[in-house]
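Asks: structure for the following, please:
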Amino acid sequence: MTTSPQGSEPDDDPPVPPAVSPRMRGGTLYVEDEEATDERPTGRGPRASTVLTALLVALGLALPGVAAFLLRPATPVAPEPTAHPPPPSQPASLPTQNAIPHPSSTDSTAPTGTTGRPAEDTRAPDHDTLTASPNSAPGPRLARVESGLTPPHPAAQPVPSNREAAQPVTANREAAQPASANREVAQPVTANREAAQPASANREAALRAILDDTSQPAEERSAAALELLDGLILRNRSRSLARDAERVFRMDLPRHLGRLPAEQAGWLWVNALSTLGDKEKVPEAAAEFFRRFPDSSLAPSVETVVRSTAIVLVADQNSRREMESELRRLEAELEAQRIRLESRGEPTTPVLRELARIRCFKPAQEHFHDLSVVSCRAYVDAWAPGDTPPEQAIVRDAWAAEITSLVGLRRYTQARQRLAEFRAADPEGERQTLIGSVVNAIRPDAEE
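Replies: Numbering: from 1, shown residues only. Take a look at the predicted model:
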């Protein structure tokens, strides 16, 4: 409080700040609050985080070098200098008197081991190996070299004789490969293909005899029946398969190895009829199968064959009706043309030739072999060989269509006969039509 001349009045001066104590640090005067209870340390020590970071950095820098040191490749040991160099008169590449020939002595490299050092060589050492490898096992030649005995001059033993002795495999090359000389003996299947056919026929006859012999045990008859059916399937003998499968289907034989002969035969009977093209008989055979084995596991397969056969049968019937209708229309047009030409006194031969041509090729194009085999034969008999090149070409096509129809009808014997007649009548035409390849593709044992 201050006193003015007028009297004592309160003073608005601010309070005096608390006293502070100066402190000297590093030549600098600092002022600190007296209320501070904890004093800072006069010296600053290293922090733990800084030291740890430095150690991690040093470790990271050192790891690549350590890894490179540990993974360095093994360095092969250099050979020591030879203690006994070869004499000047003896080249290192020439063999010595006691050299032992070896079939593999011409190898340029030796296999190496896993440690990077060369693998041990079991061949007879030569002079260079003995002088360059002092650690090798001593032998007779090593004793000769170390004792100061020099090998004879190279002229004492010619090189060509050792070269032939060192390669005995080349001299015996023909003896080491006997398979080429016996190549024909190693492939007897092709030469004996025809001889295997009578054997299969004899086996089929033997199986049928066992099947028909009621005095045989039922188990043996079942085994013979199944073997007979399986063999006919493998040899693609559909005609015999349909016949024998129907016979086995009507027999009452026991199961053999989990297979019931009658059930298997019923399914194969239906399938063989479909393969042979007897589409009208397929539903009848399938009906008999379903009556006898309604719950068979083969029933779905039989139903599939029946449905597909019915579809093909309906399609064939429609195609046949359309083809016959078109053929009748063309015949009517050609007949009207023939009548007009005849009324005018003009020749009708071209019209008659064209009528015979469409009667041959129209069914052949639709694969109605039962019609084309007759009409194409009639065309060949009436118009062969042809007066002009176009007419000759049509005659050749008629020959081919007739023979193709015979093959489609499984009349293989007649197809071979007609091919021989075609070749005799027109050799060049037979080669141009290539019908011979179709007939020659038929197996000799194929059933008609």
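Asks: switch to C-alpha atoms for all contacts and neighbour counts from now on
Replies: Fine.
Asks: tell me the pLDDT at residue 426?
Replies: pLDDT for residue 426: 93.
Asks: could you look up the SS state of residue 445?
Replies: Using DSSP: H, G, I helix; E, B strand; the rest coil, the structure places residue 445 in coil.
Asks: how close does it get to residue 329?
Replies: 43 Å (CA to CA, to the nearest Å).
Asks: now residue 313: how far from residue 267?
Replies: In this view, residue 313 and residue 267 are 20 Å apart by CA to CA.
Asks: the two: which has the busier surroundings?
Replies: Set residue 313 next to residue 267 and count neighbours by other CA atoms under 10 Å: residue 267 wins out with 22 against 16.
Asks: is it true that that one touches residue 300?
Replies: No: applying CA atoms under 8 Å, one finds residue 267 not in contact with residue 300, separated by 10.2 Å.
Asks: quick one: buried residues of stretch 408-419?
Replies: Applying a neighbour-count criterion of 16 or more other CA atoms under 10 Å, one finds 408, 409, 410, 412, 415, 416, 418, 419 buried in stretch 408-419.
Asks: among those residues, which are in strands?
Replies: With strands defined by DSSP state E, no entry of the buried residues of stretch 408-419 lies inside them.
Asks: export these to a markdown table and tack on distance to residue 354 and pLDDT?
Replies: Output for these, formatted as a markdown table (distance: CA to CA, whole Å; pLDDT from 0 to 100):
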| residue | distance to residue 354 | pLDDT |
| --- | --- | --- |
| 408 | 25 | 93 |
| 409 | 26 | 93 |
| 410 | 29 | 92 |
| 412 | 29 | 94 |
| 415 | 25 | 96 |
| 416 | 28 | 95 |
| 418 | 23 | 96 |
| 419 | 24 | 95 |
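Asks: distance between the ends of stretch 277-288?
Replies: This stretch, stretch 277-288, spans 19 Å end to end (CA to CA).
Asks: contacts for it?
Replies: Stretch 277-288 has contacts (CA atoms under 8 Å, 6 or more residues apart in numbering) with 266, 269, 270, 273, 274, 302, 303, 306, 309, 310, 313.
Asks: which SSE is the second one in?
Replies: In other words, residue 269. Assessed by DSSP states H and E, residue 269 sits inside helix 261-276.
Asks: who's in contact with the residue nearest to residue 210 when sequence neighbours are not counted?
Replies: Residue nearest to residue 210 in three dimensions, not counting chain neighbours: residue 221, with 6.0 Å by CA to CA, 6 or more residues apart in numbering. Going by CA under 8 Å, 6+ apart, residue 221 touches 210, 211, 253.
Asks: try residue 448
Replies: Neighbour list for residue 448: 239, 410, 411, 412 [criterion: CA under 8 Å, 6+ apart].
Asks: element containing residue 429?
Replies: helix 427-433.
Asks: could you list the low-pLDDT ranges of this structure?
Replies: Scanning the chain for pLDDT under 70 picks out the ranges 1-48, 64, 66-68, 71-197.
Asks: run the last query once more with 80
Replies: Where the chain drops to pLDDT under 80, the residues are 1-200.
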